[in-house]
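A.B. asks: After the sequence you'll find the predicted model.
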Amino acid sequence: MSGTFLAAVVWIEVWGFERTLWLAATVNFAIVFISGLLGREQQQTVRLAGRPSAPAGRVAATSAQLGPAQGGMIKWILFSTGFVAMAMEVVWTRAFTPVLKTQVYSFAMIVFTYLGATFLGSWMYRRDLRRNRPRSTETLMATLAVTAFVPVLVNDSRLVVANWMGNLDAFSVIILLASIGPVCTLLGYLTPSLIDEYGTGQPTKAGQAYAINVVGCILGPLFACYVLLPRLSERHALILLGLPFFVFSSLLCRARPRWLQLGWVAIAGVLVMSAGFLVRDFEGMLQQSQKSTTIRRDYTASVISMETDRGKWLLVNGIGMTALSPITKFMVHLPLAFHHGQPESALVICFGMGTTYRSALTWKIDTTAVELVPSVTKAFGFYHADAARFIDDPNGHMITDDGRRYLKRTDKKFDVIVVDPPPPVQAAGSSLLFSKEFYELAKQHLRPGGILQMWYPGDDETATTQAVIRSIHESFPHVRCFLSVAGWGVHMLASMEPIEKLDAGQLAARMPENARQDLLEWNASKDAPAYLMQVLTNEYFVPTMLNPDTEVRVTDDKPFNEYFLFRRLLGRLKKRVP
């Protein structure tokens, strides 16, 4: 718990990834060294006293002498609890995103809560063991079969504030994290209890039991990512993962009185039915409230395409990515028009709705689009009625890959590279597209005179904007920044050669007729020069946007935009101190 909290909130932000990893490695080697010393001491004790006795409160016995939950049943329970627990953690991360958002702190909160509840359960087990009153496996499994469905019931859009745009709601975050507490606490109690029961004081058997549990922990997340989530909603995936607890509980409770069995079945049945039919999850809320909603799933994300009164939107894991906006047209038309000479190729990193890709193809140039989430490119037709024409365009290439990874693996070079990182600017992983190291990689794939267009959506914190600008400013000798046509966000144009000072008329004259028509597709009231003028008249003087502190920048080691909490807490504290 301490490692999760301190790494996410303090160490990475202050020291960076490298020093934090060195600290983790040092602690790991210390554990190895200390464990080796303890192992030698234990061996000496065993040689002097023989086999170690069973844990307090447990009577060493063979599996045949123990209760119905022993032997093969214990192995299956240990495997299943590890499998289900880790699979649930993966599903929780995706299911809770509309409430917790995509920041690195969201995942840290889930892990912190999971570990805290597990610790509590383990502590309760050891306390009961000292009193020689450990809870029975039957009771624990029956309770687990009920509490496993609590997160599904709590994650109801009528109970928590789940929005695809907007800030965190503190109350919703607290109750959602609290909902996973009971099931994690029970698992923290049950796992050591079963290992002690199966091990019967024998280290070898205890090690086997623990290994079986770990194998389940390894396979569970893989099953959740590549089997469950591409096929089921997060709600139905959690319901399915809770059913093994129900089955084990039914098998273990057969010796209990009939009335107790029927009462438990009734309670569990009501919870399962409620989770399956009464809960209105985030996706259900959108399907009921919006004009049109299409959901696609894959191993990477759940992608929602929807049409509202304000237009069409793209959501990834419940977070709004983009809408149909002229901004995404300017992302490619602007650098292509500024490019000196006839551009021949363009690379678009982050496909989104496909608007930028579509606009690039109107220049009749070789265009490559790279998108990490397969379902995003499949939604192209939802947003553009003529998508099929651009999919079949021989100049177009749509690739499913991470944009940065693609650049590392290809030897192609481009006249223009357009990057539209996922919003918000604090989104986990977004720094990989804002960092100096990414720009160094991008430069290797720009042809002479090539231009990189980096979209920055803006942020309320001035320091984040300054960090983003400094990283690109230090990477390229020539950078020009323009406020978008919508009045928010910045087009950052960067090149190794000077970017010409052209007026709107000159830029429009460089654009092919199809490109000019595409630029004006959603604003027929203006001509191309007048539309371009709205952007050109709002250019920033880059040196004034830099922080005097040269460390205020984005690098792979210190992702300034992603890790901000400690900085902001210190800033607020300084304001309060007279």
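C.D. replies: All right, it came through fine.

A.B. asks: make it CA atoms for all contacts and neighbour counts henceforth
C.D. replies: Fine.

A.B. asks: which residues does P182 contact?
C.D. replies: With contact taken as Cα atoms under 8 Å, 6 or more residues apart in numbering, P182 is in contact with A117, T147.

A.B. asks: Going forward, the N-terminal residue is numbered 54.
C.D. replies: OK, 54 is where the count begins now, so the last one is P235.

A.B. asks: Please report phi then psi for it.
C.D. replies: phi -60, psi -50 (degrees, to the nearest 10).

A.B. asks: So for stretch 213-222, what gets flagged as buried?
C.D. replies: Within stretch 213-222, the residues that count as buried by 16 or more other Cα atoms under 10 Å are V213, V214, A215, N216, W217.

A.B. asks: how far away is the fourth one from G373?
C.D. replies: Taking Cα to Cα, to the nearest Å as the criterion, N216 is separated from G373 by 9 Å.

A.B. asks: ok, longest helix in the protein?
C.D. replies: helix 70-102 (DSSP state H).

A.B. asks: Output the below-cut-off pLDDT ranges for the chain.
C.D. replies: 103-124, 308, 630-631 (pLDDT under 70).

A.B. asks: Strands of that one, residue ranges please.
C.D. replies: Here the chain has its strands, by DSSP state E, at 345-350, 355-361, 364-369, 372-376, 398-402, 419-424, 449-453, 467-472, 499-509, 531-536, 543-548, 592-593.

A.B. asks: Let's have those strands in TSV, adding mean neighbour count and distance to P187.
C.D. replies: Formatted as TSV, the strands of the chain follow (neighbours: other Cα atoms under 10 Å; distance: least, Cα to Cα, whole Å):
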stretch	mean neighbour count	distance to P187
strand 345-350	17	43
strand 355-361	21	42
strand 364-369	20	45
strand 372-376	20	44
strand 398-402	26	56
strand 419-424	23	52
strand 449-453	17	52
strand 467-472	26	58
strand 499-509	23	57
strand 531-536	20	65
strand 543-548	25	61
strand 592-593	16	68
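
A.B. asks: can I get the ones you listed in a markdown table with distance to L485?
C.D. replies: Formatted as a markdown table, these follow (distance: least, Cα to Cα, whole Å):
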| stretch | distance to L485 |
| --- | --- |
| strand 345-350 | 24 |
| strand 355-361 | 22 |
| strand 364-369 | 18 |
| strand 372-376 | 17 |
| strand 398-402 | 12 |
| strand 419-424 | 14 |
| strand 449-453 | 17 |
| strand 467-472 | 11 |
| strand 499-509 | 13 |
| strand 531-536 | 19 |
| strand 543-548 | 16 |
| strand 592-593 | 24 |
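
A.B. asks: how many neighbours does D512 have?
C.D. replies: Neighbour count for D512, taken as other Cα atoms under 10 Å: 15.

A.B. asks: same thing with G511?
C.D. replies: 16.

A.B. asks: Which residues does stretch 531-548 contact?
C.D. replies: With contacts defined as Cα under 8 Å, 6+ apart, stretch 531-548 is touched by 379-380, 384, 388, 502-511, 525-526, 529-530, 549-552, 587-589, 591-595.

A.B. asks: Could you do stretch 450-465 as well?
C.D. replies: For stretch 450-465, contacts defined as Cα under 8 Å, 6+ apart pick out 402-403, 420-427, 430, 485-486, 491, 494-495, 498.

A.B. asks: Ok, stretch 165-175 next?
C.D. replies: 54, 57-58, 230-231, 233-235, 237-243, 245.

A.B. asks: Give me the subset of those residues lying in helices.
C.D. replies: Using DSSP H, the contacts of stretch 165-175 in helices are 57-58, 230-231, 234-235, 237-243, 245.

A.B. asks: Which ChimeraX command selects the buried ones in these?
C.D. replies: In ChimeraX syntax, the buried subset of the ones in helices among the contacts of stretch 165-175 is picked out as below (16+ other Cα under 10 Å):
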select :57,230,231,234,235,237,238,239,240,241,242,243,245
